[in-house]
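**Q** show me the folded form of this:
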Amino acid sequence: MNEKGLKILVAEDNLVDHMYYCRMANKETYDLTFVYTVRGLREFLKQDIFDVIICNYILEDGTVFDILEHNEITPIIIATLPGEEEFASRAMKKGAANYIIKDLDRNYFKILPDVICKGLETFKGSSTNNNITNANMQEILLKREIEKAYEETKKQLLENISHEIRTPINGIFGMTQILLETKLDSEQNEYANMLRQSVIGLIKIVDDILDFSDIENGKRQNKKEEFNIHMVVNKTIQSHLTEARKKGIQLSVEIDPEVPQEIRSDRNSITQVLKNLIGNAIKFTHMGNVYVTVEKHNDDHIKFSVIDTGIGISKEISDIIFGGFRQGDNTLTRKYSGLGLGLSVSEKLIEKLDGSIWLESKEGKGSAFYFTVPYKKAEECM
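**A** Numbering: from 1, shown residues only. Predicted coordinates:
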């Protein structure tokens, strides 16, 4: 007998499969919530309790093992492809309740309700999960509510502090500009320029905090418009040339002729992500070059690459580098300054555009950051 009315969290990035899930849900009276990434799955688990999780073995930003090691109270059904039964077996040993093989004809949806039912029985019958009493459940729920309230308070505090700091910073910056226009000797001019650069760095930090806060609070909306992508990329490069030359770094760009001149997308988000990635590449490169490329990823996505010959990132740090308030190695904060918010903001902006962002890096050998964004040719929008 199949369980009815279950609240199920589905981690699936195939939209056709979503349709099949919905058909099954209508028949079985399931309440479905869809996510596309491990990150999204974790966010929903912080906010709510589900009866079952159905999770693809591999998602865009991780695998089911990233969830299994942090899951205490929800049975997980693994969905994997033919030939990957070994992974499903490993997942079962790590605590998964059941698994199903996804055949190409999607016949597996016919037996999925039974797989869910057996998974629930297995999960409820395990000795580990019998220890989860009603009191334990209430404690877990209370902990999640406290964490949620803390996150909301933190977001509001960040926003308030950032706005309060911004006003005096603007005053200092303005007075520094006026000071630099007066008659100063060489030593005074040097000190005034150092002050100006410090204020610019502080403004960047405050801007990052405000951006982070706006995205977290849902205040940052996508703005699609027509613009010249070649011009935007070249202007962004030009804005970093002085910084690169001061460090003796060669900053160059190559735009594939196949990339159309006029496109429709979110110019502000693309510009901000490019600035973050190029700025980081220059900051963490002591010699060599920073190379930016733009090319067609497919018919409706453009791919951007920012490649440097800098200090590189270890595998361990690569896995968490897009998290907020991280700068890879905390000891780097004292050396390079910054809160490490730029990459987190970049990831969130790209996610809102339904794009992807990732990196390839080797410690001591440099890094390559990539991101793709959807677009339309300007003439297609007329």
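
**Q** buried set for stretch 361-370?
**A** The neighbour-count criterion (16 or more other Cβ atoms under 10 Å) identifies 361, 366-370 as the buried residues of stretch 361-370. (Each C-beta comes from the backbone N, C-alpha and C, glycine too.)

**Q** secondary structure added to the residues you listed, as JSON lines?
**A** Conversion of the buried residues of stretch 361-370 to JSON lines gives the following (DSSP: H, G, I helix; E, B strand; the rest coil):
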{"residue": "S361", "secondary structure": "strand"}
{"residue": "G366", "secondary structure": "strand"}
{"residue": "S367", "secondary structure": "strand"}
{"residue": "A368", "secondary structure": "strand"}
{"residue": "F369", "secondary structure": "strand"}
{"residue": "Y370", "secondary structure": "strand"}
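
**Q** closest one of those residues to G310?
**A** Using Cβ to Cβ, G366 is the member of the buried residues of stretch 361-370 that sits closest to G310, with 5.4 Å.

**Q** what's the spacing between that closest one and T309?
**A** Separation of G366 from T309 (Cβ to Cβ, to the nearest Å): 4 Å.

**Q** who touches both of these two?
**A** Contact criterion Cβ atoms under 8 Å, 6 or more residues apart in numbering; residues bridging G366 and T309 by contacting each: 285, 288.

**Q** hmm, which two among the buried residues of stretch 361-370 are most spread apart?
**A** The distance between the two most remote of the buried residues of stretch 361-370 (Cβ to Cβ) is 13.7 Å, for G366 and Y370.

**Q** tell me which of the buried residues of stretch 361-370 is nearest to L112?
**A** Proximity of those to L112 was ranked by Cβ to Cβ; the top entry is Y370 with 34.9 Å.

**Q** for the closest one, list each beta-bridge partner.
**A** Under the criterion DSSP bridges, Y370 forms beta bridges with S305, W358.

**Q** what does the pLDDT read for it?
**A** The score at Y370 is 95. That number is its pLDDT.

**Q** residue contacts, it?
**A** Counting by Cβ under 8 Å, 6+ apart, Y370 has contacts 303-306, 357-360.

**Q** ditto for L277
**A** 304, 306, 346, 369, 371.

**Q** before we move on, the earlier item: which one of the buried residues of stretch 361-370 is nearest to N228?
**A** Proximity of these to N228, judged by Cβ to Cβ, is greatest for Y370, which lies at 22.1 Å.

**Q** quick one: contacts for F322?
**A** Contact analysis of F322 by Cβ under 8 Å, 6+ apart lists 343-344, 346-347, 357.

**Q** relative to G201, how far out is it?
**A** F322 is 22 Å from G201, by Cβ to Cβ.

**Q** before we move on, the earlier item: what is the nearest of the contacts of L277 to M19?
**A** Distance to M19 across those (Cβ to Cβ) is lowest for F371, with 28.4 Å.

**Q** could you check how far the closest one is from T29?
**A** Going from F371 to T29 by Cβ to Cβ gives 40 Å.

**Q** circling back: what about burial for the contacts of Y370, which qualify?
**A** For those, a burial check counting by 16+ other Cβ under 10 Å picks out 303-306, 357, 359.

**Q** which one of those residues is nearest to N14?
**A** When those are ranked by distance to N14 (Cβ to Cβ), I357 comes first, at 20.3 Å.

**Q** separation between the closest one and I350?
**A** 4 Å.

**Q** and what of I237?
**A** 19 Å.

**Q** ok, F123 next?
**A** 35 Å.

**Q** what does M287 give?
**A** When M287 is compared with I350 (using Cβ to Cβ), they lie 29 Å apart.

**Q** neighbour count: the two, which is higher?
**A** For M287 versus I350, the count of surrounding residues by other Cβ atoms under 10 Å is larger for I350: 22 against 10.

**Q** same for the helix or strand hosting that one, what does it pack against?
**A** Counting by DSSP states H and E, the element that carries I350 is helix 342-352. Judged by 3 or more Cβ pairs under 8 Å, 6 or more residues apart in numbering; DSSP states H and E, helix 342-352 is in contact with helix 186-216, helix 267-283, strand 356-362, strand 366-374.

**Q** low pLDDT regions in the stretch 51-200 of the chain?
**A** Residues of the stretch 51-200 of the chain that meet the criterion pLDDT under 70 lie in 69-72, 124-145, 147-148, 151, 154-155, 158-159, 162.

**Q** need the contact list for the residue nearest to S314 when sequence neighbours are not counted.
**A** If you skip the residues right next to it in sequence, S314 has E363 as its closest partner in space, 4.5 Å away by Cβ to Cβ, 6 or more residues apart in numbering. The contact partners of E363, by Cβ under 8 Å, 6+ apart, come to 311-314.

**Q** ok, now D17?
**A** By Cβ under 8 Å, 6+ apart, the residues touching D17 are R106.

**Q** measure it to Q156 for me?
**A** Using Cβ to Cβ, one gets 38 Å for the distance from D17 to Q156.

**Q** could you give the number of residues near V373?
**A** The number of residues packed near V373 is 24, by other Cβ under 10 Å.

**Q** returning to that earlier point: of all the contacts of F322, which comes closest to T74?
**A** The shortest distance between T74 and any of the contacts of F322, using Cβ to Cβ, involves E347 and amounts to 25.6 Å.

**Q** ok, the closest one touching I357?
**A** Yes: shown here, E347 and I357 form a contact pair, counting by Cβ atoms under 8 Å, at 5.4 Å.

**Q** in a strand, H286, correct?
**A** No: following the definition three-state DSSP, H286 is coil and is not counted among the residues of a strand.

**Q** was I right to think it contacts K247?
**A** Yes: contact between H286 and K247 holds when scored by Cβ under 8 Å: they sit 7.2 Å apart.
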